[in-house]
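>>> okay, sequence plus prediction incoming.
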Amino acid sequence: MKKLIATLLLIPAFAAGQDLSKIELHTLSGKKFIISKNLDHDATVVLFWATWCLPCKKEFPAIQKLIEKHKDKHIQVLAVSTDSPRSQAKVKSFARMQKYDFTYLMDLKGEVTTKLLIKSVPHTLLLDRSGKVVYTHRGYRLGDEVDLEKALIKMWNNHSATSGDSRE
């Protein structure tokens with residue numbers, strides 16, 4: 001029993017530090033999207049969500065406000081739907097109706113969520129420019145975006161310090 005509890009406690013930490021650069025998903029139009037070829041941003045936020053998930057839909061406007069607040073930085077948001085193939089039309093409809101600056105992707109077979117041990121949505125990951133997960137969070141409650149913002153700022157400050165980049 002102790003081993004099971006220890007394992008469960010480590011699952012959220014497992015995603016942190018993982019390299020997602022080789023992950024492949026598909027856009028809503030069916031095109032292949034390879035994360036490693038799309039890391040030329042100041043930050044990449046990956047939101048695992050589903051059309052039936054109310055907290056997911058509440059998280060989206062908060063993330064959009066975060067993008068707008070830091071418009072001097074280029075924040076890429078990848079909204080990865082975990083909906084089944086039967087719900088693909090709902091995902092496309094939702095994406096068309098929203099005004100979020102997100103790239104919508106599909107994990108129709110659940111391969112990526114399985115690989116990353118993501119069992120529930122919403123689930124948020126923050127990737128650095130190499131595709132390494134530097135922050136992970138399960139669920140969403142109003143205010144959780146503050147922790148994401150702190151992680152973004154910490155990542156940017158670390159990048160500036162290690163690269164000698166004095167831009168802020």
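In hand now; what should we look at?

>>> buried ones in stretch 145-154?
145, 148-149, 151-152 (16 or more other Cβ atoms under 10 Å). Using the backbone N, CA and C atoms, a C-beta is placed for each residue, glycine as well.

>>> hang on, I meant stretch 90-106
Neighbour-count burial for stretch 90-106, with 16+ other Cβ under 10 Å as criterion, is recorded at 91-92, 94-95, 100, 102-106.

>>> touching the longest helix belonging to the chain from outside, list them.
Of all the segments of type helix in the chain, defined by DSSP state H, the longest one is helix 144-163. With contact meaning Cβ atoms under 8 Å, 6 or more residues apart in numbering, helix 144-163 is reached by 42-43, 45, 59, 62-63, 65-66, 69-70, 73, 75, 124, 126, 128-129, 134-135, 137, 165-168.

>>> the same query, at a cut-off of 10 Å, please.
Residues outside helix 144-163 that contact it (Cβ atoms under 10 Å, 6 or more residues apart in numbering) are 42-43, 45, 55, 58-59, 61-66, 69-70, 73, 75, 122, 124-129, 134-138, 165-168.

>>> which among those end up buried?
Members of the contacts of helix 144-163 classed as buried by 16+ other Cβ under 10 Å are 42-43, 45, 59, 62-64, 66, 70, 75, 122, 124-128, 134-138.

>>> what are the boundaries of the helices in the protein?
So, for the chain - with DSSP H - the helices run 2-15, 54-69, 88-97, 111-115, 144-163.

>>> and of those, who's closest to Ile23?
Each of these has some distance to Ile23 by Cβ to Cβ; the shortest is helix 111-115, at 5.7 Å.

>>> quick one: low-confidence parts of this protein?
1-19, 21, 161-168 (pLDDT under 70).

>>> the residue nearest to the spatial centre of it and Ala79: what is the separation?
The centre of the chain sits closest to Val46, judged by Cα atoms, centre = their mean, with a distance of 1.2 Å. To Ala79, Val46 is 8 Å away according to Cβ to Cβ, to the nearest Å.

>>> do the same with Lys31
Distance from Lys31 to Ala79, by Cβ to Cβ: 16 Å.

>>> which of these two has more neighbours?
Ala79 (24 against 9; other Cβ atoms under 10 Å).

>>> can you pull the contacts of the closest residue to the more buried one other than its chain neighbours?
Closest residue to Ala79 apart from its sequence neighbours, by Cβ to Cβ, 6 or more residues apart in numbering: Phe102 at 4.3 Å. Applying Cβ under 10 Å, 6+ apart to Phe102 gives the contacts 45, 47, 49, 60, 63-64, 67, 76-80, 95.
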